[in-house]
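Asker: Here you go, sequence then predicted model.
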Amino acid sequence: MSRDAWAGTDVLSILDFSRADIETLLKEASTFADNPKSAKKSLKDEIVATAFFEPSTRTRLSFSAAALRLGAKVIDLSPDVSSVLKGESLADTIRMLDGYSDLIVIRHPSEGAALLASEVATVPVINGGDGSQHHPSQAMLDLFTVKRLMGRIDGLNYAVVGDIRYARSAASLLYGLSKFKPGSVHLISPESLRPRDEVRDTLLKLGLKTDQLANLDDVIADVDVIYLTRIQKERFPDPNEYEKVKGSYRITKSSLARAKKGSIVLHALPRTNELAYEVDSLPSAAYMKQARFGVPVRMALLDLVLGGSTR
Ligand code: NCD
């Protein structure tokens, strides 16, 4: 996809983008990351609407920061003080935002909500996370972080650790990796948190080879990128099931003692107890940088979708 082909497109899933599309995005993000303040105000006539029906710190604020850095204005729906509380439907709410803005970023607990929004809206819609399904901009920033810190995405060994069943960040990263040529991809989780059939089938179809392990320790000496996830407590249909896996994995300084030299630890954040605070002082702790890269990657995404630099 050339730059032009990004213009006006909905961003619902990273599956919809080719390696070349992603590389275009990563390249543009890299320019913004080098110097975010000197970016041209290429979106000064645009209004970006954020509509977050689930908690968010990084995704909502980094989209807002990205829009502001490019000169766009941002309006925010805040469902808890909007007519959503009076029972307005999602479709009607989106119709309003469609009339008030040039692009909508939506996060919603229901899978398919972003797709519905994209069908209702005439402006482009970016999925900021729909249930356990997709979180494309997170996967894009995760790939960007790997490229930036490790110099490449291909040929590296990855371990995706934790709640692969419910964490949309894990599934989306795996979908993203399927566009590249990783050396190996290990899925490491308790049995009940292994990927859903739908994710496993998609990965098979895409030809991404993975293996399923119970312990990170078995492969830690060979892994370049450890991608840790929070147990998505809010998505368990049965709280007893959550209780069974709560605290079942945790990365600490000592669990990383045998990690490969030069390897990195990533986490979409927020962390709970799966990632010890003591890890922050290790050179491999890359998750705070990763969170910061959310701004340049989302600048690139907004700029490409709204056609900023090409106008
Ligand atoms: C993730 C999410 O919301 O899916 N957070 C994020 O966007 N940075 C991961 C999580 O909530 O565990």
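Answerer: Everything's here; your move. Source: prediction; values computed, not measured.
Asker: so where is this protein shaky, pLDDT-wise?
Answerer: Within the chain, the ranges that satisfy pLDDT under 70 run 1-2, 309-311.
Asker: Near the ligand, which residues of it? Just list them.
Answerer: 58-59, 129, 135, 138, 167-169, 230, 268-269 (Cβ under 6 Å from any ligand atom). Heads up, the C-betas are built off the backbone N, CA and C, glycines and all.
Asker: And this protein, split by domain according to the record?
Answerer: Split into domains by automatic domain parsing, the chain comes to 3-134+293-310, 136-291.
Asker: mind giving me TSV with those and columns for mean neighbour count?
Answerer: Shown next, in TSV, are the domains of the chain (neighbours: other Cβ atoms under 10 Å):
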stretch	mean neighbour count
domain 3-134+293-310	19
domain 136-291	18
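Asker: quick revisit: and which of the residues of the chain next to the ligand is nearest to A66?
Answerer: T59 (10.6 Å; Cβ to Cβ).
Asker: Surely that closest one is in a strand?
Answerer: No: per DSSP: H, G, I helix; E, B strand; the rest coil, T59 lies outside any strand segment and is helix.
Asker: from now on call the first residue 661
Answerer: Okay, using 661 as the starting number, the last item reads as T719.
Asker: ok, T719 touching Q798?
Answerer: Yes: contact between T719 and Q798 holds when scored by Cβ atoms under 8 Å: they sit 7.1 Å apart.
Asker: L847 belongs to a strand, doesn't it?
Answerer: Yes: assessed by three-state DSSP, L847 belongs to a strand.
Asker: quick revisit: shared neighbours of T719 and Q798, anything?
Answerer: By Cβ atoms under 8 Å, 6 or more residues apart in numbering, T719 and Q798 have these common neighbours: G789.
Asker: residues in contact with the closest residue to the ligand within the stretch 761-910 of the chain?
Answerer: When scored by Cβ to the nearest ligand atom, the stretch 761-910 of the chain has R890 as its residue closest to the ligand, at 3.8 Å. R890 sits next to 822-823, 827, 927-932, 934 when contact means Cβ under 8 Å, 6+ apart.
Asker: if we go to 7 Å?
Answerer: 823, 827, 930-932, 934 (Cβ atoms under 7 Å, 6 or more residues apart in numbering).
Asker: for those residues, which one is nearest S743?
Answerer: P930 (28.9 Å).
Asker: part of a helix, is that closest one?
Answerer: No: P930: not assigned to a helix; according to three-state DSSP it is coil.
Asker: Give me the distance between it and K949.
Answerer: Using Cβ to Cβ, to the nearest Å, P930 is found at 16 Å from K949.
Asker: go on, K865?
Answerer: With Cβ to Cβ as the criterion, K865 and K949 are 33 Å apart.
Asker: Let me know whether L803 touches I813 as I believe.
Answerer: Yes: counting by Cβ atoms under 7 Å, I813 is a contact partner of L803 at 5.9 Å.
Asker: wait, what's in contact with S797?
Answerer: Taking Cβ under 7 Å, 6+ apart, we find S797 in contact with 671, 786, 788, 957-958, 961.
Asker: taking those residues one by one, which sit in helices?
Answerer: Judged by DSSP state H, these include 957-958, 961 as members of helices.
Asker: I'd like these as a markdown table, with distance to V734 appended.
Answerer: Converted to a markdown table, those look like this (distance: Cβ to Cβ, whole Å):
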| residue | distance to V734 |
| --- | --- |
| V957 | 17 |
| R958 | 12 |
| L961 | 14 |
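Asker: from these, which single one is nearest L737?
Answerer: R958 (17.7 Å).
Asker: residues touching the closest one, list them.
Answerer: 722-723, 726, 797.
Asker: Can you tell me how far the residue lying closest to it once chain neighbours are set aside is from the ligand?
Answerer: Distances taken as Cβ to Cβ, 6 or more residues apart in numbering place A726 nearest to R958, at 3.8 Å, with adjacent residues excluded. From A726 over to the ligand the distance is 14 Å, taken as Cβ to the nearest ligand atom, to the nearest Å.
Asker: any idea which element A726 lies in?
Answerer: helix 718-729 (DSSP states H and E).
Asker: Give me the helices and strands touching the very next helix or strand once past that helix, please.
Answerer: Sequence-wise, the next helix or strand downstream of helix 718-729 (DSSP H and E) is strand 733-736. Counting contacts by 3 or more Cβ pairs under 7 Å, 6 or more residues apart in numbering; DSSP states H and E, strand 733-736 is packed against strand 707-712, helix 718-729.
Asker: Pairing partners for strand 733-736, with directions?
Answerer: Applying DSSP bridges to the sheet, strand 733-736 is found paired with strand 707-712 (parallel).
Asker: Helix 718-729 and the partner strand, what's the angle between them?
Answerer: For strand 707-712 against helix 718-729, the angle by axes from the mean of the first three to the mean of the last three Cα atoms, to 10 degrees is 170 degrees.
Asker: what's next to strand 707-712, contact-wise?
Answerer: For strand 707-712, contacts defined as Cβ under 7 Å, 6+ apart pick out 720, 723-724, 727, 732-737, 757, 760-767, 788, 962.
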